[in-house]
Each structure stands twice: as structure tokens, then as C-alpha cells.
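A.B. asks: For reference, the sequence and a predicted model appear below.
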Amino acid sequence: MATVAAVMIVKDEERFLAQCLDSIKDFVDSVILVDTGSTDRTMEIAEEYGCVIYEHPWQNDFSEARNFALGKVPEDIDYVFIIDADEKVDGNDKVEFFRAFGSGRDYIQMPVISYTPGGSGQHWSIRAWKNGIAHYEGAIHNQVMHDSGTDGLLCKVRIHHYGYDLSQEQMDRKWNRIIDITKKQLEEVPGDPIPTVNLLQVYRAQHRWQDMVDIIKSFDHSTHNDHTLVRMALDNVFALTFLGRLDEAYKLCMHFLKNRPDDIDALYSLGVILSSRGQHLESILFMNKYLETLAAAKQNPKVSTVTINAWGAMDGALLCIGRSLIAGMHHNQLSLSATEPSAVQEVSELPVC
């Protein structure tokens, strides 16, 4: 059986660390933990769980710290498994975990479900690989760089992330730290897509809708990959909706769905937009499609490098459907107008952009 070492970098994680270590104690052979300056009980907790502990000064760069930790993994370990202190492995996925690490594949992708006070989102992340074949780049949302080609495995082991489900004061400190690092990156490399997307994520959490629209408008869309453009298009739809610029949000969302008709975030956004525009029946139809597409994605997950922000928005969708039903019955609008083209028709008629 392959040997697995969990690799972690931590700082002041006494709130979450025990939960994380409990979740992996029967999954991995050892835990390599690098502390970057904790002043709480983090080190004490790590010692209680038998972690191999190293101390390393924080350099304002997550990749630098992660790469230092990777360098401490013994050569006789077959796989490294990356997990953060504010995460835990789903206890129901133990069989799948051992199956994945016994596959012999070079690297393994896992779904990460992030929880916030307003819901949850999911994205897929490379979280494990054969010892020595990969490293990190990027100061904030560090990117795994590996030399293994396409010999990867899609693994359904779920990682639950609680790092955004904090008090407002804690989140403000976290966001301000990320903003400072991200803006420094953009000063060094203006227009760099990774820190730009990271900054948009923070502004979205802070409800800075106009700042989001301004960043996206000034971004050079002609020189970057599909992942970046997809994320920005969805963020733009979201921001325009909350700014009340519903016609712009509607048009952009419709064009987006022409190319990606089963995108979960876009379907949810369109349902919200249509309800806000008073198109109640169409809102219900698209919210139902969102719920059906979400259920299918959870049943048969597929890799997506773009975070699905509406992964945990089922309650919001049901609330929107309920409001649309009430409003539609009150205004006698639960039928499609014969003289006005529906959003359903427009999706099929729009040219591919």
C-alpha cells in the first residue's frame, strides 16, 4: 500500500486544527506541519496529534511556505496530500481515499466545498501527487505546477473548507491581508489574471459591486485563458445584478448560456435576474433547470477549475421560486406572452459569441 504524508502550513489555527487532524488520522501515515508564527495553542495541538513540526518565518507568500513544507517530506513517502487546518476530509469517503492513493496515478484531484455564512461553493483542486513531482507558484491562491502530463485521477473524496465561515471581524482581517498581497502582485505584474481573479473574489465577498465591474472592464480580455474569462463573466453578471443594472446583466448572462447552457452559476443568476425583471414564469423555469443541473452534478461530478458559487444556493433558488409564484399569481403573469420572446427562446437564437 502506498504511503501518504499530509502536508500543512499553519498559523493561529487552534479553532480548526483538531477537527482537521481528527479527520485524517486514519487516512495518512504522517503529518508534516509547518508553523509560520502561531501565538495561540496551534503548536500544542499539533504535538498532541503527533505531527512532525517545523517552524518557518512567514514571508507573505503562501507558495514559498508550501514549498518549504514539501521539502520536508521524507523521500520514502509515496504521496503527499495537501490539506489546510480549516479543512477536513469527509469521513464517509475513506474507501474512495484508499482506492485513489492505490491507483498509481501521478496526481489526484478532489472536490473542495467551501462554506460561508451565505451558503457554499465548490471547485476541484489538485490535492495529492507522487512525492517530488510538483511545487507551488502564486502568493495567494497558489497554483500546483507539476510535470506529470495528464496522468491524473478524478477522486470523489470531499474536502470541507470552513475558512470563510468566520465572524465579520475575522473575515475583514483575512480580506485585508489578501488585498494587500494581491495589489502588490498587480503592481509587479499589471494585468496578471490570477491576482486579478483573487481580488474579484474578495470584492465579491465585501459586496464591492462597482469595484468588480470597473476591474473587469479594464481587464484585457483578449490575452487570457477560458478559465479566467469564464470566472470574470460570471462575476460581472453577479455584480451588475446587485447594482440593479438588470438589462446588462440579462444580456451578458444570455450570451454566456449560449456557450455554456448547463453552467450552474449562470442558470441561478438568470433565475434571479428574471425574477427581478418581473418575468416570473421564466424565472421559475430557469431556477428549476438550475436545481436539476445541480442535482445531476452532485450525482455525477465532473472536474471544473472554476468555483461553482451556487453549489449551496438551493435554499435561495427555492425562495426565489416561491416569491415568483406569489408575485406571478398576484399579477396574473404565470404564462408566457405570445407577443414577447421568452428567455428560453432567446438562449437558442443568440449567435455564439
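C.D. replies: That came in fine, so what should we check first?
A.B. asks: now the helices for the protein?
C.D. replies: Secondary structure of the chain (DSSP state H): helices located at 17-24, 42-48, 62-70, 94-101, 168-188, 193-205, 209-218, 226-242, 246-259, 264-276, 280-299, 314-330, 343-349.
A.B. asks: Distance-wise, check residue 289 relative to residue 267.
C.D. replies: Shown here: residue 289 relative to residue 267, a distance of 5 Å by Cβ to Cβ, to the nearest Å. C-beta coordinates here come from the backbone N, C-alpha and C atoms, glycine included.
A.B. asks: Tell me which of the two has more neighbours.
C.D. replies: residue 267 (24 against 19; other Cβ atoms under 10 Å).
A.B. asks: Now the more buried one: closest residue in space that isn't a chain neighbour?
C.D. replies: The spatially closest residue to residue 267, leaving aside those adjacent along the chain, is residue 290, at 3.9 Å (Cβ to Cβ, 6 or more residues apart in numbering).
A.B. asks: can you list the domains in the chain?
C.D. replies: 4-161, 168-349 (automatic domain parsing).
A.B. asks: Please name the residues that touch the residue nearest to residue 211 when sequence neighbours are not counted.
C.D. replies: Excluding the flanking residues, the one nearest residue 211 by Cβ to Cβ, 6+ apart is residue 203, at 4.9 Å. Contacts here follow Cβ atoms under 8 Å, 6 or more residues apart in numbering; on that basis residue 203 touches 209, 211, 212, 215.
A.B. asks: neighbours around the second one, how many?
C.D. replies: Spelled out, that is residue 211. 16.
A.B. asks: same check, this time on residue 221
C.D. replies: Counted with other Cβ under 10 Å, residue 221 comes out at 11.
A.B. asks: Confirm for me that it is in contact with residue 230.
C.D. replies: No. Counting by Cβ atoms under 8 Å, residue 221 stays clear of residue 230, with 11.3 Å between them.
A.B. asks: Compute the distance between residue 172 and residue 198, please.
C.D. replies: For residue 172, the distance to residue 198 - Cβ to Cβ - is 17 Å.
A.B. asks: where does the protein dip in pLDDT?
C.D. replies: 139-142, 147-150, 222-225, 304-305, 330-353 (pLDDT under 70).
A.B. asks: Centre-most residue in it?
C.D. replies: Geometric centre of the chain, nearest residue: residue 307, 3.7 Å, by Cα atoms, centre = their mean.
A.B. asks: quick one: that residue and residue 230 touch, right?
C.D. replies: No. Here residue 307 does not reach residue 230: they are 10.3 Å apart, not a contact under Cβ under 8 Å.
A.B. asks: just to revisit the earlier point, ok, the residue nearest to residue 267 - contacts?
C.D. replies: 264, 267, 268, 271, 310, 317.
A.B. asks: For residue 94, state which of those residues is nearest.
C.D. replies: residue 264 (27.9 Å; Cβ to Cβ).
A.B. asks: neighbours of residue 190, just the number please.
C.D. replies: 10.
A.B. asks: An error on my part: the question was meant for residue 253.
C.D. replies: Neighbours of residue 253 using other Cβ under 10 Å come to 30.
A.B. asks: shouldn't it be in contact with residue 267?
C.D. replies: No. Here residue 253 lies out of contact with residue 267, judged by Cβ under 8 Å, at a distance of 9.1 Å.
A.B. asks: ok, back up a step: ok, residue 172 and residue 198, which is more surrounded?
C.D. replies: It is residue 198, of residue 172 and residue 198, that has more neighbours when counted by other Cβ under 10 Å, with 21 against 12.
A.B. asks: now the more buried one: how far from residue 85?
C.D. replies: 20 Å.
A.B. asks: swap in residue 54?
C.D. replies: Relative to residue 85, and taking Cβ to Cβ, residue 54 is found at 15 Å.
A.B. asks: before we move on, what about residue 259?
C.D. replies: From residue 259 to residue 85 the distance is 38 Å (Cβ to Cβ).
A.B. asks: between those two, which one's more packed in?
C.D. replies: residue 85 (25 against 14).
A.B. asks: Now do the contacts for the more buried one.
C.D. replies: Here residue 85 is in contact with 8, 10, 13, 16, 17, 20, 42 (Cβ under 8 Å, 6+ apart).
A.B. asks: Relative to residue 41, how far out is it?
C.D. replies: 12 Å.
A.B. asks: Kindly report the same for residue 297.
C.D. replies: 39 Å.
A.B. asks: How about residue 107?
C.D. replies: 34 Å.
A.B. asks: The two: who's more crowded?
C.D. replies: It is residue 107, of residue 107 and residue 41, that has more neighbours when counted by other Cβ under 10 Å, with 21 against 16.
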